[in-house]
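In: Dropping a prediction and its sequence here:
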Amino acid sequence: MKFIYTLIPLAPLFAAITAGFFGKRLGRVNSHRVTIAGVSVAFLLSCVAFVKVVMGDAPVFNETIYTWMVSGGIRFEIGFLVDNLTVLMMLVVTFVSLMVHIYTIGYMDEDPGYQRFFSYISLFTFSMLMLVMSNNFLQLFFGWEAVGLVSYLLIGFWFKKETAIFANMKAFLVNRVGDFGFLLGIAGIVYYTNSLSYADAFAAKDAIAGQTMNILGTVEWQAITVICICLFIGAMGKSAQVPLHVWLPDSMEGPTPISALIHAATMVTAGIFMVSRMSPLFELSEAALSFVLVIGSITALFMGLIGIIQNDIKRVVAYSTLSQLGYMTVALGVSAYSAAIFHLMTHAFFKALLFLAAGSVIIALHHEQDIRKMGGLKKYMPITYWTSLIGSLALIGFPGFSGFFSKDIIIEAVHKSTIPGAGLAYVCVLLGVFITAFYSFRMFFLVFHGKTRMDKHTAEHAHEPPGVVTWPLILLAIPSVVIGWMTASSVVFGDYFKGAIEVAAEHDVIARLGEYHGGLGFIMHGFQTPALYLAAAGVICAWVFYLHSPGIPAKLDAKLGFFRRILENKYGFDDFNQAVFAAGSVGLGRKLWKTGDQGIIDGALVNGSAKCIGLFAGFARYFQSGYLYHYAFAMIVGLLGMLTWFLFN
């Protein structure tokens, strides 16, 4: 199995290198063939690994593949930890990535950077696989930074667009803030364990929990709390939690396939996976769990509200990602790690589906993205219509669809939790259900129903894209419907994650939910909870506002204009960052340039040393007159001085 595990990340890496360095020589067709082949190999081998690990034919693999160096007794290694959690993530990452690779053939068909794009998305897949397969913090950090780097390259793929360059720089800088906290958390682990290994960190967890540290003043903090919060700050950057969420909506400047890959299966899921993997540590700090819970609940509610007023089809889906990531984070905060990973999995399928369906619409409308300029597309694009409907129903948690199982489990888990902040979180996730249903079907109705608002030429030429675009939609729609039925029992309520995720008995909210009686039983239970009716209310409101009585939104805008301006301004996060951090950094840089560069370096060191040497030289030249009697006189005076010193000492 060691060879198979090694080949899984190396296959897309080899494909990325081949398409990246030899793409022009290979041509467009061979470039996409080699990258799709690489990801296909990774997906098929991930299926093999999944079956063998889950069936018990292959034991948990935790070995070093390569030792980079040993310094101060700390081993810097590349190694794999392959257990039930790992193989599930591998399967999700490789399947969604494969669908995106196939879809890209149609979407990027006319783009001059065709080969470069395929190289980047294969490299993205390799980076995420290295992250989820790691058994130590060094490799985790390598994958962590690698997905950040490739996201920078992909968000700014169209590098001639100023907005794309601004967006990728914004993503890079915001993630650096989170990564600083992440590094501090890793440093704390190394400080207390003298090791980068997960196994060593988990073995020493009780010893770390007994330690305290002084940060500011005289207050003593539990070391485990500080470490977990620092690790979660890293997750706040990667998984776009408030206030480090600001980069994710702007990532829409990249091509649609990469939006699907970032939002569904790679970068934004990294933080959720990392916290789940670190569950043995987080379970020892209720303060850290409460911090995670509050941040997640705020993100779930307030980012969903912004989605209501978005008119760019991709940005609506982007804000739904932010909200759903908040749900996953809430699940982490109440120690429902299995529910968080379950929602991560179901969300990967239907969110990739929604993004790729949005891309299908964009292709058909010649890259028009404003949903106010669409309408009536159902008759032109039946496959995109039905797959979008499936994705939307899964997103809002319609009974029987995958999102229903994962989202309702999270809501019920929060309701049963006693972690501080659980009451606030429960209100936020319930309100989020209504909001999600409203903006999802607002978009769906404006795009596919109602009167056609396109110009005549666009309407005449609107049609379903080719099969390489529609087949991935169909293949993603299938798990968006059935995956909840197939996996909820074992993944959430069973012992699937036994040995991979640890939950303290006092935090085990999944156990408090009672026995799982199958999919139908869970659906029947859903009719007894408010979430189902809130989702229905959201859909009905969207239908009334945008199909039955389309004049209502304008009237509400007139009365609630202040509220709309707050949402359009995104609560002022961008303005605050621009005014405080961006302008402050520029001002600090100018101050340092004037005082440091001009004043100290140029003024004192460079120009000052030159002036000193000039003054010394001007004084010294008086002793270099060129007359022999001057030198003889100086020698006599010097000799007399030396004799005087010897005589009197």
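Out: Nice, I can see it. Owing to the predicted nature of the structure, the values given are computational and were not obtained by experimental measurement.

In: Between its first and last residues, how far does stretch 453-472 reach?
Out: Length of stretch 453-472, first residue to last, C-alpha to C-alpha, to the nearest Å: 28 Å.

In: residues of that stretch that come out buried?
Out: Going by neighbour count (16 or more other C-beta atoms under 10 Å), the buried part of stretch 453-472 is Met454, Thr458, Ala462, Glu464, Pro465, Val468, Val469, Thr470, Pro472. Quick note: C-beta positions are derived from backbone N, CA and C, even for glycine.

In: Next: stretch 8-18.
Out: Neighbour-count burial for stretch 8-18, counted by 16+ other C-beta under 10 Å, picks out Ile8, Pro9, Leu10, Ala11, Pro12, Leu13, Phe14, Ala15, Ala16, Ile17, Thr18.

In: Check the offset of it from the chain's centre.
Out: Here the centre of stretch 8-18 is set off from its chain's centre by 22 Å, with C-alpha atoms, centre = their mean, to the nearest Å.

In: Longest strand of this protein, counting residues only.
Out: Determined from DSSP state E, the single longest strand within the chain is strand 61-71.

In: Can you list the neighbours in contact with that strand?
Out: Under the criterion C-beta atoms under 8 Å, 6 or more residues apart in numbering, residues 1-2, 5-6, 75-83, 135, 138, 199 lie in contact with strand 61-71.

In: Please identify which of the buried residues of stretch 453-472 is nearest to Ile36.
Out: For those, the minimum distance to Ile36 (C-beta to C-beta) is 10.4 Å, reached by Val468.

In: Would you confirm that Pro553 contacts Ala542?
Out: No. With contact defined as C-beta atoms under 8 Å, Pro553 and Ala542 do not form a contacting pair (10.3 Å).

In: Compare these two and say which one has the larger neighbour count.
Out: Shown here are Pro553 and Ala542; by other C-beta atoms under 10 Å, Ala542 has more neighbours (21 against 15).

In: centroid residue for the protein?
Out: When C-alpha atoms, centre = their mean is applied to the chain, the residue found nearest the centroid is Val268 (2.3 Å).

In: List the contacts of the helix or strand containing it.
Out: Val268 is located in helix 267-277, with elements delineated by DSSP states H and E. Residues from elsewhere that reach helix 267-277, judged by C-beta under 8 Å, 6+ apart: 85, 89, 124, 128, 131-132, 140, 143-144, 147-148, 151, 198, 231-232, 234-241, 248, 262, 282, 292, 321, 325, 328-329, 332, 337, 340-341, 344, 348, 500-501.

In: what do you get for stretch 289-303?
Out: Residues from elsewhere that reach stretch 289-303 (C-beta under 8 Å, 6+ apart): 229, 232, 236, 240-242, 245, 275, 282-283, 319, 322-335, 417, 419-422, 424-425, 428-429, 431-432, 435, 507, 571.

In: Let's see that with 7 Å instead.
Out: For stretch 289-303, the surrounding residues in contact (C-beta atoms under 7 Å, 6 or more residues apart in numbering) are 229, 232, 236, 241-242, 245, 282, 319, 322-323, 325-327, 329-330, 332-335, 419-422, 424-425, 428-429, 431-432, 571.

In: Stretch 529-544 now?
Out: Residues outside stretch 529-544 that contact it (C-beta under 7 Å, 6+ apart): 396-399, 408, 411, 430, 433-438, 441-442, 445, 526, 552.

In: Can you give me every residue that contacts Ile501?
Out: Leu85, Ser276, Ser279, Tyr337, Ser338.

In: Of the residues you listed, which belong to helices?
Out: Per DSSP state H, helices hold the following members of the contacts of Ile501: Leu85, Ser276, Ser279, Tyr337, Ser338.

In: any residues touching the worst-scoring helix or strand of the chain on mean pLDDT, and which ones?
Out: When each helix and strand of the chain is scored by mean pLDDT, DSSP states H and E, helix 456-461 comes last, with a mean of 75. Helix 456-461 has contacts (C-beta under 7 Å, 6+ apart) with Leu365, His366, Glu368, Thr452.

In: distance between it and the chain's centre?
Out: 38 Å.

In: what about the protein, any weak spots by pLDDT?
Out: Within the chain, the stretches with pLDDT under 70 are 623, 649.

In: give me every residue that touches Tyr546.
Out: Arg442, Phe445, Leu446.

In: Check the secondary structure at it for me.
Out: Under the three-state scheme (DSSP: H, G, I helix; E, B strand; the rest coil), Tyr546 adopts helix.

In: How about it: what's its closest non-neighbour residue?
Out: Phe445 (4.7 Å; C-beta to C-beta, 6 or more residues apart in numbering).

In: Now that neighbour: which helix or strand?
Out: For Phe445, the element it lies in under DSSP H and E is helix 422-448.

In: tell me which strands and helices that helix is in contact with?
Out: Judged by 3 or more C-beta pairs under 7 Å, 6 or more residues apart in numbering; DSSP states H and E, helix 422-448 is in contact with helix 286-307, helix 313-333, helix 382-396, helix 402-416, helix 530-543.

In: Kindly reformat those helices as JSON lines containing distance to Val361.
Out: Listed next are those as JSON lines, based on distance: least, C-beta to C-beta, whole Å:
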{"stretch": "helix 286-307", "distance to Val361": "17"}
{"stretch": "helix 313-333", "distance to Val361": "6"}
{"stretch": "helix 382-396", "distance to Val361": "6"}
{"stretch": "helix 402-416", "distance to Val361": "21"}
{"stretch": "helix 530-543", "distance to Val361": "18"}
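
In: Packing partners of the helix or strand containing Arg75?
Out: Assigned by DSSP H and E, Arg75 belongs to strand 74-82. Strand 74-82 is packed against helix 2-55, strand 61-71, helix 114-133, helix 137-155, with contacts defined by 3+ C-beta pairs under 7 Å, 6+ apart.

In: if we take the contacts of strand 61-71, which one ends up nearest to Ala582?
Out: Within the contacts of strand 61-71, proximity to Ala582 (C-beta to C-beta) peaks at Leu138, which comes in at 32.2 Å.

In: ok, the residue lying closest to Thr18 once chain neighbours are set aside to Leu7 distance?
Out: Counting by C-beta to C-beta, 6+ apart, Thr18 lies nearest to Val34, which is 5.1 Å off, once chain neighbours are set aside. Computed with C-beta to C-beta, to the nearest Å, the distance linking Val34 and Leu7 is 15 Å.

In: Trp158 now?
Out: Using C-beta to C-beta, one gets 33 Å for the distance from Trp158 to Leu7.

In: Ser251 now?
Out: Going from Ser251 to Leu7 by C-beta to C-beta gives 30 Å.

In: next one: Asp83
Out: Per C-beta to C-beta, Asp83 is found 18 Å from Leu7.

In: Show me which of those two is the more surrounded one.
Out: Using other C-beta under 10 Å as the criterion, Asp83 and Leu7 rank with Asp83 on top: 19 against 13.

In: Just to check, the more buried one is in contact with Val60?
Out: Yes. Under the criterion of C-beta atoms under 7 Å, Asp83 makes contact with Val60 at 4.6 Å.

In: gap between the two ends of stretch 66-77?
Out: One end of stretch 66-77 sits 6 Å from the other (C-alpha to C-alpha).
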